[in-house]
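Asker: With the sequence up front, the predicted model follows.
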Amino acid sequence: MSAASRESIEAIFAPGGPLARTLADFEPRPGQVQMSQLIERGFLESAHTIVEAGTGVGKSLAYLVPALRSGKKVVISTATIALQEQLVHKDIPLVLRALDIPARVELLKGRNQYLCRAKLDRMRADRLVAQSGTMEEIWAWADRTETGDRSELRFAPRADEWEQLDADADDCVGEFCDRYKDCYFFARRDAARFADLVVVNHALFFLDLALGGSLLPPYDFAILDEAHQCERWASAALTATLSPGTIGRMMRRLHRQYQIPAEHDLAIDEGVRGLLQTLASVPGERYPLAANEKAFEALEFLQQAFYRLENWLVANWQAALKRPPSNVEEAERRREITLRAILGHQATIERTSLPDDEAISWVERFEGEGRYAVNSAPFAVADYLRTALFQRTQSVVLTSATIATGPAGPESFQFLKSALGLDEAQEYVAPSPFDYRTQARLYVAPRDCNPKSPDFAERVAPLVEECLELSRGRAFVLFTSYARLREVHEVVRERLPYPVKLQGELPRAHLIDWFRATPNAVLFATATFWEGIDVLGDQLSCVVVDRLPFPSPGDPLVAARLRAIENEGRSSFDEFMIPSAIVRLKQGFGRLIRSKNDRGLLVLLDGRATGMRYGETILRALPAARRVEDLTELREFFRADR
Ligand code: SF4
């Protein structure tokens with residue numbers, strides 16, 4: 001251990017300390033020091049830790065210092081690629097330099113990110129030339145890549161092309177593969193085994209938990225950043241899905257390996273067609289499977305087709321092989337994997353019949369015709385995480401800019417704790433280094449602006465126009481539905497003297513680039529748009545939100561959470577709806593104020609925020625921005641940043 005790394009946390013973060021000597025613009029922040037001390041105590045005493053640390057606290061350095069000097073195996077999981085890149089390329093090297101310690105650090109991605117050499121070999125043996133321009137580029141890249149990581153490609157390959165080459169588990173025979181010794185994915189996984197710190201994303205982290213720890217090496221401590229998204233990712237990892245996509249992929253795999261009689265394809269095609277027709281007969285983007293009784297018959301038809309396919313494969317797999325295997329073990333492993341995929345689809349169908357206190361099953365419709373999926377998730381994700389994560393890991397750190405749902409106190413993290421099944425933790429809300437009273441304003445529309453009333457769009461359009469005039473564009477105007485978005489846009493579009501775009505006019509990433517690059521831009525989008533978006537400086541100075549962002553009680557997963565809370569005799573509105581809205585609104589503030597120089601206005605067009613008791617509860621939990629009653633007060637505020 002170096003002298004620097006033996007110093008106290010306080011000394012490491014102090015003016016003139018190791019971090020200040022390494023980072024030119026380092027500023028000591030009390031919240032950062034306290035967060036770091038608490039996390040280190042959690043590591044030493046095997047306690048879990050929850051910290052809310054808003055933008056500007058410097059949360060990544062606060063957890064990296066104790067993690068890197070712990071001498072234990074640590075996994076850090078984040079929701080976004082941007083944060084992973086920042087950790088691996090900037091923050092971790094900085095802390096290692098400051099503490100003058102060596103550490104092996106690995107960034108491990110999901111299997112599907114890596115190229116499978118065996119599939120590439122087979123494809124090239126079958127064809128002299130690539131079947132498309134993009135495939136030709138992938139082949140050329142495959143000749144020079146050292147990592148096999150698809151993020152090196154300068155374009156996003158089509159899903160159906162990349163699946164022919166990815167290192168998916170359902171195509172991999174592991175140690176029986178001829179390319180196992182130089183396999184990109186297994187090389188990274190082995191490196192992770194010997195690393196001190198492994199950086200992953202939430203998808204991989206929770207999938208590893210769902211698979212009983214078969215993807216990541218064993219670890220002592222886990223740090224989950226952007227923890228407000230953990231419930232969603234945990235639920236996704238535990239959700240079984242059946243769709244034309246999953247079935248098609250399985251059948252294509254089967255066909256690559258076996259000569260399959262046409263009757264199986266015909267039966268499965270017929271089953272999929274019947275299922276799609278049935279699913280389309282009930283309207284909605286997401287609806288409970290139970291709302292469509294006929295869907296169970298269609299699923300039963302498919303189930304029978306899967307049984308027949310399974311029986312045929314068990315009896316005929318050897319004779320039906322398309323190419324001789326390199327060895328018997330490989331062929332047997334392949335058969336096992338294929339059977340596992342068929343059995344997986346059967347199990348998903350079986351799960352849809354479980355009672356609703358065991359599993360939640362719902363239908364989801366995606367963009368495009370006929371794109372449906374049947375999903376089934378366990379009813380209690382929290383119970384699963386309690387045993388699989390919190391009882392098995394010495395110390396788990398949950399941190400995010402937006403996870404506290406009330407003023408600092410014993411209840412601040414109750415929402416997150418009950419969602420994730422965390423019973424006991426040390427807790428801390430780090431004070432923000434920003435002066436919200438000076439830097440931010442909050443305007444709430446008059447009480448009679450009720451999003452439920454039919455003239456809402458007409459009523460709020462002049463307010464939207466006035467706010468955009470004051471902020472000189474530079475705004476996101478966000479709605480809970482496309483219909484409402486279009487209604488308000490229709491009223492104001494002719495009158496706005498700023499460049500305006502609507503969500504959907506460009507792909508999301510291009511829309512954000514357009515917004516960043518266009519002076520005085522205004523973007524009309526749906527409420528989920530603000531998650532994970534970073535617009536620095538005064539380019540984004542105003543966020544308008546049409547209504548208090550309560551989750552939709554009609555959503556099957558939300559409905560299940562509400563039911564679970566009500567079943568225990570508690571109020572699902574107080575314990576779920578209100579905290580969810582708080583987290584979403586805090587994210588809005590987080591988008592606006594990214595530095596000490598940022599200034600911003602949050603506009604809530606929902607008058608219920610002042611007219612109803614719950615509105616005040618929500619507003620009190622937001623950063624302490626100055627409330628303005630009269631929009632003219634904002635002239636002075638925005639004049640200052642001209
Ligand atoms: S070990 Fe698996 S992923 Fe790696 S090259 Fe072989 S089949 Fe592909």
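Answerer: Noted; the coordinates are in hand.
Asker: Please report how far the residue of the stretch 451-600 of the chain found nearest the ligand lies from residue 538.
Answerer: Per C-beta to the nearest ligand atom, residue 509 is where the stretch 451-600 of the chain lies closest to the ligand, at 28.9 Å. Where you see a C-beta, it was placed from the backbone N, CA and C, and this is true even at glycine. Using C-beta to C-beta, to the nearest Å, residue 509 is found at 22 Å from residue 538.
Asker: repeat for residue 294
Answerer: 55 Å.
Asker: just residue 473 next, same as before
Answerer: 11 Å.
Asker: Those two - which one has more neighbours?
Answerer: Applying other C-beta atoms under 10 Å to residue 473 and residue 538 shows that residue 473 carries more neighbours, namely 20 against 16.
Asker: Kindly give the local confidence score, pLDDT, for that one.
Answerer: In this model, residue 473 is scored at 93, pLDDT.
Asker: Now do the strands in the stretch 301-450 of the chain.
Answerer: 359-365, 372-378, 395-400, 426-430, 440-444 (DSSP state E, counting those that start in this stretch).
Asker: of all these, which lies closest to the ligand?
Answerer: strand 372-378 (25.8 Å).
Asker: That closest one - which strands sit beside it in the sheet, and in what orientation?
Answerer: Sheet pairing here is set by DSSP bridges, and for strand 372-378 it gives strand 240-242 (antiparallel), strand 359-365 (antiparallel).
Asker: ok, and residue 465, which helix or strand is that part of?
Answerer: Assigned by DSSP states H and E, residue 465 falls within helix 456-471.
Asker: what packs against the helix or strand that that helix is followed by?
Answerer: Downstream of helix 456-471, the first helix or strand assigned by DSSP H and E is strand 475-479. Contacts defined by 3 or more C-beta pairs under 8 Å, 6 or more residues apart in numbering; DSSP states H and E place strand 475-479 against helix 456-471, helix 482-492, strand 522-526, strand 542-545.
Asker: Let me see the contact set for residue 376.
Answerer: Counting by C-beta atoms under 8 Å, 6 or more residues apart in numbering, residue 376 touches 239-241, 289, 348, 351-352, 354, 359-361.
Asker: Just name the closest of those residues to the ligand, please.
Answerer: Of the contacts of residue 376, the one sitting nearest to the ligand (C-beta to the nearest ligand atom) turns out to be residue 241, at 22.2 Å.
Asker: For that closest one, which residues are in contact?
Answerer: 348, 373-376.
Asker: ok, residue 40 touching residue 66?
Answerer: Yes: assessed by C-beta atoms under 8 Å, residue 40 is found in contact with residue 66 at 3.8 Å.
Asker: Now do the shared contacts for those two.
Answerer: Joint contacts of residue 40 and residue 66 (C-beta under 8 Å, 6+ apart) are residue 9.
Asker: okay, these two: which has more neighbours?
Answerer: residue 66 (27 against 21).
Asker: what does the host helix or strand of the more buried one rub up against?
Answerer: Using DSSP H and E, residue 66 maps to helix 59-68. With C-beta under 8 Å, 6+ apart as the test, helix 59-68 has contacts from 5, 9, 12-13, 19, 32-33, 35-36, 39-40, 43, 51, 53, 74, 76, 83, 86-87, 91-92, 94-96, 99, 101, 103, 196-197, 221, 223, 225, 397, 399, 401, 430.
Asker: Can you tell me the closest non-neighbouring residue to the most centrally placed residue in the chain?
Answerer: Among the residues of the chain, the one closest to the centroid is residue 79, at 4.9 Å (C-alpha atoms, centre = their mean). Leaving out its chain neighbours, the residue that sits closest to residue 79 by C-beta to C-beta, 6 or more residues apart in numbering is residue 226, at 3.9 Å.
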